[in-house]
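Asks: Provided below for reference: sequence and predicted model.
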Amino acid sequence: MSQSRSDAPISREDIKNKLGDLQGEALEQVGEAKSQIVAVAAGIAVAVLVAVFLLGRRGGKRSSAIIEVRRS
């Protein structure tokens, strides 16, 4: 472990300030990552919906019966 540069004892306020700085940085990074993840998830959801729609449409055309109605 590295030694501190000064011989002064570490106070409770020093620890509290350092943890606050670390928490601020972590929250910043989480916020940036969250917006990117939400954008990617929305894009994937739209792509899946379009694919399901197109596959369902194709399946409906392929397996639909042709019914002829004759009036007498």
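Replies: All right, it came through fine.
Asks: does the most centrally placed residue in the chain belong to a helix or a strand, and which?
Replies: Closest to where the C-alpha atoms of the chain average out (C-alpha atoms, centre = their mean) is residue 37, at 2.7 Å. Assessed by DSSP states H and E, residue 37 sits inside helix 12-63.
Asks: Who are the packing partners of that helix?
Replies: Packing partners of helix 12-63 (3 or more C-beta pairs under 8 Å, 6 or more residues apart in numbering; DSSP states H and E): none among the helices and strands. For every residue, glycine as well, the C-beta is placed using N, CA and C.
Asks: Quick check: mean pLDDT of it?
Replies: Helix 12-63 shows an average pLDDT of 88 in the prediction.
Asks: Could you give the separation of that helix from the chain centroid?
Replies: Offset of helix 12-63 from its chain centre (C-alpha atoms, centre = their mean, to the nearest Å): 1 Å.
Asks: Residue 30 versus residue 54, what's the distance?
Replies: Separation of residue 54 from residue 30 (C-beta to C-beta, to the nearest Å): 36 Å.
Asks: Then residue 52?
Replies: 32 Å.
Asks: got it, and residue 12?
Replies: 26 Å.
Asks: again with residue 58
Replies: Distance from residue 58 to residue 30, by C-beta to C-beta: 42 Å.
Asks: circling back: more neighbours: residue 12 and residue 30, which one.
Replies: Neighbour totals were compared for residue 12 and residue 30, and residue 30 leads with 10 against 7 (other C-beta atoms under 10 Å).
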